[in-house]
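1. Structure, please.
(one chain, ligands or ions: 3)
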Amino acid sequence: MSQQTGTSKMDQQKVHAIFFSPARSTKKIVEAIAGGISEDLVIHDITQGVHKPIELRSNDIAVVGVPAFSGSVPALASLYISQIKGNGAKAIIACAYGNCHYENTLSELSNICVEAGFIPISSGAFVSRHSMFPELGKGRPDARDLDNARQFGKKSIMHSRIMNGGEFKTQNETSNRPQGIVPLVAKANADCNFCGRCVQACPVSAIDARNPKKTDKKACISCTRCIDVCPYGARKFSGLMYMITKKRLVDKNKDRKEIEINIPL
Ligand SMILES: Cc1cc2nc3c(=O)[nH]c(=O)nc-3n(C[C@H](O)[C@H](O)[C@H](O)COP(=O)(O)O)c2cc1C
Ligand code: SF4
Ligand code: SF4
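-> Ligands and ions are numbered 1, 2, ... in the order given. Below you'll find the model as predicted:
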């Protein structure tokens, strides 16, 4: 096919799915958006870092996604995206959030992507199961969300062709609320059988390899990756502060929120 069109394999446009996704909802959403553009994706899971150089070309397309952590881009995700070379590739900016608020996440992510050499063309915030308080956003993203994500990917590319590189600015909610660190640490209970999966998966190596029941509280970023990978459901958040926060957030955010997208017309 490439010989007939006169385009060499090297010049062919690639669609990259780039995500930081401790509990895997962002991954699902980014892959659905990118899947609306192409079935042939280059996947970059940067949850545990950028282990080999990621360099795009100007005719490539990227879908870049992160979760909202306290209404912001997680600091680690920001660091890892800044190590990518966008080289003028178009980027669809996406975040997953747990049915509360994503606040500055999309605008921050857009700026981080511009700094990394991408040209943002659209943005979208998608509700997903709250990784820390799973009663929120339960069952999300569901089939409708994922279908909307695919349509969003498709439409973003169509509109960007019509716009022919016109300027895009995220028009998403912003706030000046200071973004604090979540002071909650997941701990292993008696069901732990010392398999070590959480030790390997923790993005900041906060779990003691000899005793996975010991977690370095100062290093932990409360990302929930260890909870997600534990095959025995042995890692959990607990304690009074967790219960009080859960009640407050669940009471306040009971109603289903829908996807918010921003594609320039
Ligand atoms: C530390 C932390 C902070 C979070 N802060 C928010 C928030 O401010 N607003 C919100 O709606 N969801 C929040 N969430 C929920 C996540 O954004 C949501 O579950 C997302 O899907 C997680 O993505 P992942 O599954 O790819 O890890 C937070 C989750 C964690 C672990
Ligand atoms: S110990 Fe903390 S930082 Fe490590 S995976 Fe678990 S929640 Fe994330
Ligand atoms: S993944 Fe679960 S069972 Fe395995 S070491 Fe960690 S807490 Fe224990």
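2. What residues does the stretch 51-200 of the chain have near ligand 3?
-> Residues of the stretch 51-200 of the chain lying near ligand 3 by C-beta under 6 Å from any ligand atom: Ala188, Cys192, Asn193, Phe194, Cys195, Gly196, Arg197, Cys198. Placement of C-beta: from N, CA and C, glycine included.
3. Pull up the gap between the nearest residue to the first one once chain neighbours are set aside and ligand 1, please.
-> If you skip the residues right next to it in sequence, Ala188 has Lys213 as its closest partner in space, 4.5 Å away by C-beta to C-beta, 6 or more residues apart in numbering. From Lys213 over to ligand 1 the distance is 20 Å, taken as C-beta to the nearest ligand atom, to the nearest Å.
4. what's the pLDDT at Lys213?
-> pLDDT recorded at Lys213 is 95.
5. how close does it get to Ala75?
-> 26 Å (C-beta to C-beta, to the nearest Å).
6. what's the answer for Phe152, then?
-> When Phe152 is compared with Ala75 (using C-beta to C-beta), they lie 27 Å apart.
7. Looking at these two, which is more packed in?
-> Using other C-beta atoms under 10 Å as the criterion, Phe152 and Ala75 rank with Phe152 on top: 25 against 12.
8. when you scan the helix or strand encompassing the more buried one, is anything in it near ligand 1?
-> Element membership for Phe152, per DSSP states H and E: helix 143-163. No. Helix 143-163 lies out of reach of ligand 1 by C-beta under 6 Å from any ligand atom, never closer than 11.2 Å.
9. mind exporting that helix as CSV, just the C-alpha atoms?
-> Output of helix 143-163 as CSV, limited to C-alpha atoms (Å, rounded to 0.1, in the frame of the first residue of the first chain):
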residue,chain,number,x,y,z
ALA,A,143,-19.6,1.1,27.2
ARG,A,144,-21.2,4.5,26.4
ASP,A,145,-18.1,6.4,27.7
LEU,A,146,-15.8,4.3,25.6
ASP,A,147,-17.9,4.7,22.5
ASN,A,148,-17.9,8.5,23.2
ALA,A,149,-14.1,8.3,23.6
ARG,A,150,-13.7,6.7,20.2
GLN,A,151,-16.0,9.2,18.6
PHE,A,152,-14.1,12.0,20.3
GLY,A,153,-10.8,10.7,18.8
LYS,A,154,-12.3,10.5,15.3
LYS,A,155,-13.9,14.0,15.5
SER,A,156,-10.7,15.6,16.9
ILE,A,157,-8.8,14.5,13.8
MET,A,158,-11.5,15.5,11.4
HIS,A,159,-11.8,19.0,12.9
SER,A,160,-8.0,19.4,13.1
ARG,A,161,-7.8,18.7,9.3
ILE,A,162,-10.5,21.3,8.7
MET,A,163,-8.8,23.8,11.0
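10. That helix: which residues count as buried?
-> Using 16 or more other C-beta atoms under 10 Å as the test for burial, helix 143-163 gives Asp145, Leu146, Asn148, Ala149, Arg150, Phe152, Gly153, Ser156, Ile157, His159, Ser160.
11. ditto for stretch 102-119
-> Buried, per 16+ other C-beta under 10 Å, within stretch 102-119: 102-113, 116-119.
12. And the contacts of the helix or strand just after the helix holding Phe152?
-> Downstream of helix 143-163, the next assigned helix or strand under DSSP H and E is strand 187-188. Strand 187-188 is contacted by residues Cys198, Pro212, Lys213, Thr215, Cys230, Ala234, Arg235, Lys236, Phe237, Ser238 when judged by C-beta atoms under 8 Å, 6 or more residues apart in numbering.
13. would you list those residues in TSV and tack on distance to ligand 2 and secondary structure?
-> Below are the contacts of strand 187-188 laid out as TSV (distance: C-beta to the nearest ligand atom, whole Å; DSSP: H, G, I helix; E, B strand; the rest coil):
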residue	distance to ligand 2	secondary structure
Cys198	6	helix
Pro212	9	coil
Lys213	11	coil
Thr215	5	strand
Cys230	9	coil
Ala234	12	coil
Arg235	7	strand
Lys236	11	strand
Phe237	9	coil
Ser238	13	coil
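14. Who wins on neighbours among those residues?
-> Arg235 (25 neighbours).
15. how far away is that residue from Arg197?
-> Relative to Arg197, and taking C-beta to C-beta, Arg235 is found at 10 Å.
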